[in-house]
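A.B. asks: Here is my input; please provide its structure:
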Amino acid sequence: MSARLSRRSFALGLAGATVGAALGPHATARAASRPAAAFFDQTTLWDSATDPLENYHVHALTVLPDDTILAITEGRYEVCDAGPRDILLRRSTDGGDTWGPTQTVVASHDGESWGNPALVTDRETGTVFCFYMLSVRLPENTTCSGDIGDLWMISSDDAGATWSQPTAMSGMFEHFPYDWALHGPGPGHGIQLDNGRLLLNCAHRRVIVGNTVAERFYGVSTIYSDDHGATWQAAGEVPVSVDYPINEARLYQRADGTVVVNGRSAAGGNRQRIVSVSADRGLTWAPPALDGATGTFNAVDASLARYTGGPGSQDPSRILFSRPDSPVRANMTVSVSYDEGHSYAYSRVINSARSYYSELARLSDGTILLLYGCEGDIASFPQKINLARFSLDWLTQGRDTLAQGPGWTEQLIPLATGGTATGGTFTTVADPLARGGARAVLTASAPGARLRHTVTPDAAGAHQLWLRYHRSAAGALVTVTVDGARPRTAVLDTTRENADGYDVAYLGTVTLSAAAHTVDLTVTGAGRGGGLVLAADALSLVRAPHAPDVREEVVVDNDALGFQTVSGTWSPATGTPGFWGGNYRTAPAGSGASTVRWRPAVPGDGSYRIEVSYTPHTNRASNAPYTVTHATGTTTVRVDQRAAGTTDPRGGTWASLGTFTLTAGLATAIELTNDANGYVTADAIRLLRQP
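C.D. replies: Alright, predicted model coming up:
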């Protein structure tokens, strides 16, 4: 039904090759040949401004062995998660050059709410399975989310041209002890493992009525088939925890056979992702934790997909990750990882405007497909569903091509063994989420405690240093040195934000000989939670011809670690747009008795531009006083909060306080008082490190 809109293509940079995908056996591909140069184009598949339904949201995408593309979305009769919904399909048999009309594969009758589509393709048989959910609201539920959700499935043996009769799969999850009532597949896609197993994640929770967010017991389990989809069975669940309310998620398999589930937080907000791993191909799962590898952004459905590599493959490992890289639903970005998803080296913005759920796949010639919601005036729901196509060399801006490869090698140094610890109590903690199977934990008796490792690089030259470390409530302030010298990023506060988990820091590039070098991790003070625990997983020595895409910025929001209401009442608000994250705080004009403070963790000595975000309004102060404590003293800068600052695609309205010399660690502070002539807004601050 939808017209093809907004198609654009352009050539950028290096030539790319069209080689087969490392995704399992392929039949003869029918995809149109892509241009030899780097390219990007996109097509609008659904648009609520021109198509018949009110809204289109939540997607699934798959590429069949013959390169037929199936794109699925929910067609919503209301802008509502539990209102009447159809499951809609569009097909392309020429690699996305043209698209067939919209087909309704599951229709809503009498207001039925069909949703959460997820596709699983058997690459050996070519059969594709579409899982979805029937959502029902209890009469007393006044929200727009369902209470009960039953699992259903249809399948196609002719590349999505026709579909089987629906199969009800209710009862699969009754053995779980959590009183779960809603069972939502995916959304997005499941995977086929190296042994042929078909595997799909399903999200669960209790009914909304009568249960707080914590009492809903959000969780994820898996279903699988070992007989090409003839029968399906329920596997185990990710251990359920209030601290890790995982729901919409994706699966991928690492080269060692481990399966990873990476999901959003059901609690919303600006958060890191929740991760668990399975060593038995999805049957049982390790306890979950936060994982900062994929960044901190709006809690939204995001996609992960293996691009090349995997079990038994000799190709470079590449994992793709898509998400709106922002505290709000904006700035759709795709990144690529070369270390099985432990870090992401290169990223590119696909759409800096409003962006929502996303879904990734690839064609046999290497073309990357991104199905994502975008545009519109509603914060949580898109106007359009676009299908973007682009090459690997476009994504990486020529730094990686299928023909030449990324030139990326990693030497991994597990830190739980082989080192020496002084100044505290040293233990190792076994953890399947640690890269070496365990993490080093040094509980310092006082600042100065140290974990030392001797590292010998495999080759001399420039090495990117990446440190994977663990964050907890008792995390310490830690300083890293190499042969006694600090890398560019040297100081980390290992205190957690919301829950325990792993984070990864790019320390910088250091030139090393092929001899022994001393790497010290030293507790140099208490973290912002008051703790003195140093917990580290692994150090990576990476040789690559190009620098990674890492923002040298530190952001502290008004509800995050490092923010403090020192005195007075600062009321949370959301009424005026332009803020960073979930809200901002305000205080009426006064004499300065009301104060807030931001205390960022400065990663290294140097020069930083300090910016503040606020929501401009005519009732704001024209002279809001920010006082910066920096390396050479204190400076007060007054900001006109009636005037609009500079907006950022990722959120916030920013004004500069100036450039200051800062000392690494926690000595820097930015304070704001209500000694002003109008309402004062406290939102976020950020440090932008200067070259």
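
A.B. asks: which residues in the stretch 201-350 of the chain form strands?
C.D. replies: With DSSP state E, counting those that start in this stretch as the criterion, the stretch 201-350 of the chain has strands at 219-225, 233-237, 246-253, 259-265, 270-278, 289-298, 303-308, 318-324, 330-337, 346-362.

A.B. asks: Which of these sits closest to Pro487?
C.D. replies: strand 289-298 (18.5 Å; Cβ to Cβ). The way it works is simple: take the backbone N, C-alpha and C, and place the C-beta from them, glycine included.

A.B. asks: Report the rounded mean pLDDT for the closest one.
C.D. replies: Average pLDDT, strand 289-298: 96.

A.B. asks: Just the C-alpha atoms of it, please, in PDB.
C.D. replies: Taking Å, rounded to 0.1, in the frame of the first residue of the first chain, the C-alpha atoms of strand 289-298 are listed here in PDB:
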ATOM      1  CA  ALA A 289      24.300  -8.200  34.800                       C
ATOM      2  CA  LEU A 290      24.500  -4.800  33.200                       C
ATOM      3  CA  ASP A 291      27.000  -4.500  30.300                       C
ATOM      4  CA  GLY A 292      28.200  -1.100  29.200                       C
ATOM      5  CA  ALA A 293      29.700  -2.400  25.900                       C
ATOM      6  CA  THR A 294      26.600  -1.300  24.000                       C
ATOM      7  CA  GLY A 295      26.500   2.100  25.800                       C
ATOM      8  CA  THR A 296      23.900   3.900  27.800                       C
ATOM      9  CA  PHE A 297      20.800   5.100  26.000                       C
ATOM     10  CA  ASN A 298      17.000   5.200  26.100                       C
END
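
A.B. asks: Kindly state which of the strands of the stretch 201-350 of the chain is positioned closest to Thr62.
C.D. replies: strand 346-362 (6.0 Å).

A.B. asks: Which elements pack onto the helix or strand just after that closest one?
C.D. replies: If you walk from strand 346-362 toward the C-terminus, the next helix or strand you reach (DSSP states H and E) is strand 368-374. If contacts are counted by 3 or more Cβ pairs under 8 Å, 6 or more residues apart in numbering; DSSP states H and E, strand 368-374 sits against strand 55-63, strand 69-76, strand 318-324, strand 330-337, strand 346-362, strand 384-390.

A.B. asks: Show me the helices in this protein, by range?
C.D. replies: Applying DSSP state H to the chain gives helices spanning 392-395.

A.B. asks: The residue nearest the centre of it - nearest residue in space that isn't next to it in sequence?
C.D. replies: Nearest to the mean C-alpha position of the chain, by Cα atoms, centre = their mean, lies Thr294 at 4.3 Å. Among residues not flanking Thr294 along the chain, Arg273 sits closest, at 5.0 Å (Cβ to Cβ, 6 or more residues apart in numbering).

A.B. asks: follow-up on the earlier one: nearest to Ala462, out of the strands of the stretch 201-350 of the chain?
C.D. replies: Nearest to Ala462 among those is strand 346-362 (17.3 Å), distances taken as Cβ to Cβ.

A.B. asks: Between strand 330-337 and that closest one, find me the angle.
C.D. replies: If you take axes from the mean of the first three to the mean of the last three Cα atoms, to 10 degrees, strand 346-362 sits at 90 degrees to strand 330-337.

A.B. asks: residues near the closest residue to Tyr502 other than its chain neighbours, how many?
C.D. replies: Sequence neighbours aside, Asp291 is the residue nearest to Tyr502 in space, at 5.2 Å (criterion: Cβ to Cβ, 6+ apart). When neighbours are defined as other Cβ atoms under 10 Å, Asp291 has 22 of them.

A.B. asks: Which residues does Asp291 form beta bridges with?
C.D. replies: Arg273, Tyr502 (DSSP bridges).

A.B. asks: Is it correct that it is in contact with Arg271?
C.D. replies: No. Asp291 lies out of contact with Arg271 (Cβ atoms under 8 Å); the separation is 11.1 Å.

A.B. asks: what does the domain assignment say about the protein?
C.D. replies: For the chain, the structural domains run 40-407, 410-543, 553-689, going by automatic domain parsing.

A.B. asks: Give me the below-cutoff pLDDT ranges for this structure.
C.D. replies: 1-36 (pLDDT under 70).

A.B. asks: Tell me which residue lies farthest from the centre of it.
C.D. replies: Ser591 (42.6 Å).

A.B. asks: Now do the contacts for the residue nearest to that one when sequence neighbours are not counted.
C.D. replies: Setting aside the residues directly before and after it, Ser591 is nearest to Asp675 in space (Cβ to Cβ, 6+ apart), at 6.0 Å. Counting by Cβ atoms under 8 Å, 6 or more residues apart in numbering, Asp675 touches Gly590, Ser591, Gly592, Pro625.

A.B. asks: and if you look at Pro239?
C.D. replies: Counted by Cβ under 8 Å, 6+ apart, Pro239 has contacts Ser276, Trp285, Ala286, Pro287, Pro288.

A.B. asks: and if we set it to 10 Å?
C.D. replies: Gly219, Ser276, Thr284, Trp285, Ala286, Pro287, Pro288 (Cβ atoms under 10 Å, 6 or more residues apart in numbering).

A.B. asks: Wait, the third one touches Tyr224, no?
C.D. replies: So that's Thr284. No. Thr284 sits out of contact with Tyr224 when judged by Cβ atoms under 10 Å, with a separation of 11.9 Å.

A.B. asks: Which neighbours do the two have in common?
C.D. replies: In contact with both Thr284 and Tyr224: Ala235, using Cβ under 10 Å, 6+ apart.

A.B. asks: Please identify which of these two sits among more neighbours.
C.D. replies: Between Thr284 and Tyr224, Tyr224 has the larger neighbour count (other Cβ under 10 Å), namely 19 against 15.

A.B. asks: Any figure for the gap between the more buried one and Asn498?
C.D. replies: 31 Å (Cβ to Cβ, to the nearest Å).

A.B. asks: same thing with Trp114?
C.D. replies: Noted for Trp114: a distance of 33 Å to Asn498, by Cβ to Cβ.

A.B. asks: For those two, indicate the residue with more neighbours.
C.D. replies: Set side by side, Trp114 and Asn498 show more neighbours around Trp114, with 23 against 17, by other Cβ under 10 Å.

A.B. asks: Please tabulate the helices and strands packed on strand 368-374 in CSV, including the columns distance to Pro548.
C.D. replies: CSV is the format used below for the helices and strands packed on strand 368-374 (distance: least, Cβ to Cβ, whole Å):
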stretch, distance to Pro548
strand 55-63, 27
strand 69-76, 31
strand 318-324, 14
strand 330-337, 10
strand 346-362, 7
strand 384-390, 20
